[in-house]
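# here is my input; please provide its structure:
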Amino acid sequence: MITDYLLPLLTFSTIFERFNVFLPALGFSLKISLILLPIVGLILLLKRRLTFNPTFLFPFLALLILVEALTIFVSFDPVQSFQVVIFHVLMVALFYLITWSIKEERNLDLLVWGWGIAAAVVSLLGIWQFARYLGGWDPTLPFESLFSSAKTLVSVTFLQSFYGLASEEIILKLGLSEGLLRPSSTFIDVSTGASFVGIFLILGLSWFLSWNRSDFRRVAMGALIIFPSIYFLMATSRSASLGLLIGLGVFSYLFLRDKSGKIKLLLITAAFLVLSAGILFTIESQPRLASTLSRLGYAQAAFEMVGRNPLLGIGVGNFEPFCLSILKPGETNCYSHSIFLTWVGESGLLGLMSNATLISVVVFFLWRIIRRLKHSSLWYTRLSGLLGAVVALVFANIFHAHYGLDFTWVLLGMVVAGYYQAKMSDVRSKMQDVAKGKLDVLGVGVDNVTMEEAVEKVRSFFRNQTSDIRRQFYVVTPNPEMVIQARKNAEFKETLNNADLSIPDGIGLIWASRVWGTPLVRQVSGVDLMEELCAESARRGGRVFLLGAAPGVAEKAAQVLERKYPKLKIAGTFAGDGTPAGDEETVAVIRKSGNQVTRGTSYPVTKLPSYPIDLLFVAYGHGKQERWVKRNLEKVPVKVALGVGGSFDYISGTVLRAPWLLRRLGLEWFYRLLKQPWRIKRQLSLFKFIILTFRESFVRI
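Just a heads-up that it's a prediction; the model follows:
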C-alpha cells in the first residue's frame, strides 16, 4: 500500500535539512519535512495505521520540553527561544509518528532504506560537485536557484580540510578563484552531511549483516552503502569521523562479542591506530589545529553564558546571537561547535541534565535488551547497529552541534520502535501465553482480548452448564483507578484476579502495556461490552437484570435497551445501595425476578438449581460493585455477573459519552473530566499509576 511509503518519504525529506522552501513575504524558510509531517500523520490516522503509545521515553521527553520552555522566561531573545521550543515539539511529534506507525519489521526496514537512499543521493551530489570543482567548473547545484534560502559556503574550506592547505596555497596550487561554493553540497553543511551519512553506514551494515547471504536485500544494501562510503571519505569531517569510529566500535564489539579474544584485541588496536591517525591529522596542519583550538573560545563563551543563569542559561537558540551581541561584538561568527556547549550555554545545568538523561535512558534500554537477546537473532544485530548509531550521533556532536536536527528524531524513533519490535520478538512465547491468559498490570491480571473475543468468552460461560463445571461466572472491568486501589487492598486485588474474565476497560492499561512492550490488543470499554452482550442476549432469547446507579437511571437505561434491541427481555431493575446492609433486600428483588421468569418457582436461599437470568449488570462503581458480586453471586439466579461502573448513565443518556474521535484517541477520560470536574480527586490516582508504569518499564526490559 502507498501508506507504507509515507514514513520513508518523510525520512528521506528530513535528510535534506537545508533543503527548504523560502517564503519571502514571511522572511523565513520552511522545511519540507515539516510540511510533510502533518500530512503524513493525518493520512496514517485516517488509515488507522497509528497505535498510540507514550513509550518509555515520554517522561524524559516531557522534561526536556519543559526545561526548554522555562528558558523562554530568562531568554536573551524570547521570540527565538519560543521558535526553537515549537520546533522541538514538532520533532517530538515526528518521533512519535514513527514509533506509533511501525507495527512490524517491514515498516522499520523501509525507514532504513529511506535513510539510505537519501544518504546516497546526497553523496552522489557531493561527489558530482567535488568532481566539477576539481575540473574548474562551478559546482553549484542546478536546482539551488529554486531554494534561495539554501546555505552556501566557500569551497576552499572543503579543500583546506581535505588537503590541509591554507586558502592561498589551494588557490595557487589548483588555479582556482575564491568565492566558489563548497563542493560537498551547497545546501547541506559538510559535517552535518557526513554525520547522517556515517549513521547510515552503521545502520546499513547492521541490516546488511542481519540478512542471510542468499537474500537479495543484502546485495542491494551492500550496493547502497558504496556511494555514502566514498562521500564520507571525501568529506573528512573529524567530528563525523569520531562519531563513526566510536559507533562502529560499539557495534563491532557487540557483533563480535562471542568471538575469540584476539579479535577483540584487534578491534581495540585498530581503534587506537585510527584515533591516533586522527590526532596526527589535526596537529600536523596549522589550520586544522587552529580550528580545534578555537573550540576553547567557544567553551569559554558557554561558561560565561551559564554563569549568568546556572540553571537555565540564556535561552535555547540564543548561543550565537548572545555571543555576537554581548561576548564578542564585531566577530563574524560565534557558533558553539559542540552540542554539549550548546546545552550548557543555552539551557544551563537543567538543560544539560535533561538531554543527558534522555540519551542515557535510550542507551540503557538498548543495552539491557541486547544482552538478553540471542547473538544469532536478527534483532540482536539490528539493535546493536541502532545502539552504535546513537553513540555515533552523540560523539559526532562533541565537536559539532547538529543533534537537534530532524534526522536525530528520526533515528530516535527508529531506535525506540526497534526496541519494541525486538522485545515483542524476544517474548513471543510469553506473548502467546498472554494472549491465552492474562497480562499482569501492576499486580492485576487483565485478559488480552478484543471485543469480539470477550463476547465469545461470555458465550462460552453460557455453554458451560454441565453439572461438573461451576455454573456462575463474573466479569470485571479494571482501569487504572482500580489497579491502584487493588495495590492498597489485598482483598480487592484477589477479587479482581479471581474473575472469570477481566477486560481492559481503561485506556491507561492499554498505554501501560504498550510502554512495557507487551501490548494488550485494544481497549474493551465496559459500556460497549454491556451493549454487545445485550444484543447477544436478545438474539438467544435470554434475560438481563440491571442493578445499581442512581434511582431511576436503571429504568431509563432499560427502556433505551429495549428500544434498541426489541427482542431483549429485561428481567428487572433495581437501584439498591450496594452495601452489606442492603444485600438482603437486593437479593430478594433479583430472586423475585428470577421466580417470575420461571412461573413462580421458589428456590431456597442456599441452593439455586437453575439460573433463569443470563446477565446481571451491576453499576455501583468500581470496588463497591465487585465486592457486592463477591458477597452475593451465589445467592442470585444469574449465570454471569458484570461490574459495569457508569454504563447505565451513558446508555440512559444521563451522561453524554465523548465524541467518537476522542474515544478513538483514548481521551474519553479527559472528556468525562471536563463534564464532571468533581472527578478530579479520583483522577489523582492516575498520577500514581503513571509513575508506577514508567518505573515498571525499567524492570520489564
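# just give the number of residues close to Ala581.
For Ala581, the neighbour count with other Cβ atoms under 10 Å is 8. C-betas here are computed from N, CA, C, even on glycine.
# quick one: it from Arg631, how far?
As judged by Cβ to Cβ, to the nearest Å, Ala581 and Arg631 stand 12 Å apart.
# Leu509 now?
26 Å.
# what about those two, which has more around it?
Leu509 (27 against 12).
# so who does the residue nearest to that one when sequence neighbours are not counted touch?
Nearest non-adjacent residue to Leu509, counting by Cβ to Cβ, 6 or more residues apart in numbering: Val441, 5.4 Å away. Applying Cβ atoms under 8 Å, 6 or more residues apart in numbering to Val441 gives the contacts 478, 483, 509, 512-513.
# can you list these in JSON lines and add distance to Thr192?
Below are those laid out as JSON lines (distance: Cβ to Cβ, whole Å):
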{"residue": "Pro478", "distance to Thr192": "49"}
{"residue": "Val483", "distance to Thr192": "46"}
{"residue": "Leu509", "distance to Thr192": "42"}
{"residue": "Ala512", "distance to Thr192": "38"}
{"residue": "Ser513", "distance to Thr192": "38"}
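# and of the residues you listed, the nearest to Ala120?
The nearest member of those to Ala120, counting by Cβ to Cβ, is Ser513 at 38.9 Å.
# what bits of the stretch 601-701 of the chain have low per-residue confidence?
Where the stretch 601-701 of the chain drops to pLDDT under 70, the residues are 601-610, 673, 675-683.
# what ranges does it have for its helices?
624-632, 647-652, 660-664, 668-675, 680-699 (DSSP state H, counting those that start in this stretch).
# quick revisit: give me the subset of the contacts of Val441 lying in helices.
483, 509, 512-513 (DSSP state H).
# which of those are buried?
The neighbour count (16 or more other Cβ atoms under 10 Å) marks 483, 509, 512-513 as buried among the ones in helices among the contacts of Val441.
# among these, which pair sits farthest apart?
Once Cβ to Cβ is applied, those give Val483 and Ser513 as the farthest pair, at 11.7 Å.
# summarise which helices and strands whichever strand or helix holds Thr381 is packed against.
Using DSSP states H and E, Thr381 sits within helix 378-396. When contacts are defined as 3 or more Cβ pairs under 8 Å, 6 or more residues apart in numbering; DSSP states H and E, helix 378-396 sits against helix 190-210, helix 238-255, helix 339-372, helix 406-426.
# dihedrals phi and psi, Leu124?
For Leu124, the backbone dihedrals (degrees, to the nearest 10) come out as phi -60, psi -40.
# my read: it touches Pro228, true?
No. Counting by Cβ atoms under 8 Å, Leu124 does not reach Pro228; the two are 9.3 Å apart.
# okay, those two: which has more neighbours?
Comparing Leu124 with Pro228 by other Cβ under 10 Å, the one with more neighbours is Pro228, at 28 against 14.
# confirm the more buried one sits in a strand?
No. Assigned with DSSP: H, G, I helix; E, B strand; the rest coil, Pro228 falls outside any strand and is helix.
# ok, now which ones touch it?
Contacts of Pro228 (Cβ under 8 Å, 6+ apart): 116, 119-120, 123, 197, 200-201, 204.
# identify the farthest-apart pair in these.
Ser123 and Gly204 (12.0 Å).
# these two - which one has more neighbours?
Higher neighbour count among Ser123 and Gly204: Ser123, with 26 against 23, using other Cβ under 10 Å.
# for the more buried one, give its distance to Ala389.
17 Å.
# and Leu373, by the same measure?
17 Å.
# before we move on, what about Leu34?
Distance of Leu34 to Ala389, given as Cβ to Cβ: 23 Å.
# please apply the same query to Arg664.
Counting by Cβ to Cβ, the gap from Arg664 to Ala389 is 34 Å.
# neighbour count for these two, which is higher?
Neighbour totals were compared for Arg664 and Ala389, and Ala389 leads with 28 against 14 (other Cβ under 10 Å).
# the more buried one against Leu203, yeah?
Yes. Using Cβ under 8 Å, Ala389 is in contact with Leu203, at 5.4 Å.
# joint contacts of the two?
In contact with both Ala389 and Leu203: no residue, using Cβ under 8 Å, 6+ apart.
# give me the pLDDT for the nearest residue to Tyr420 once chain neighbours are set aside.
Spatial nearest neighbour of Tyr420, chain neighbours left out: Gly517 (5.0 Å); criterion: Cβ to Cβ, 6+ apart. On pLDDT, Gly517 comes in at 89.
# ok, Gly517 - contacts?
419-420, 423-424, 427, 700.
# from Phe698, how far off is the residue nearest to Gly388 when sequence neighbours are not counted?
Spatially, and ignoring its direct neighbours in sequence, Gly388 is nearest to Phe251 (3.3 Å; Cβ to Cβ, 6+ apart). As judged by Cβ to Cβ, Phe251 and Phe698 stand 24 Å apart.
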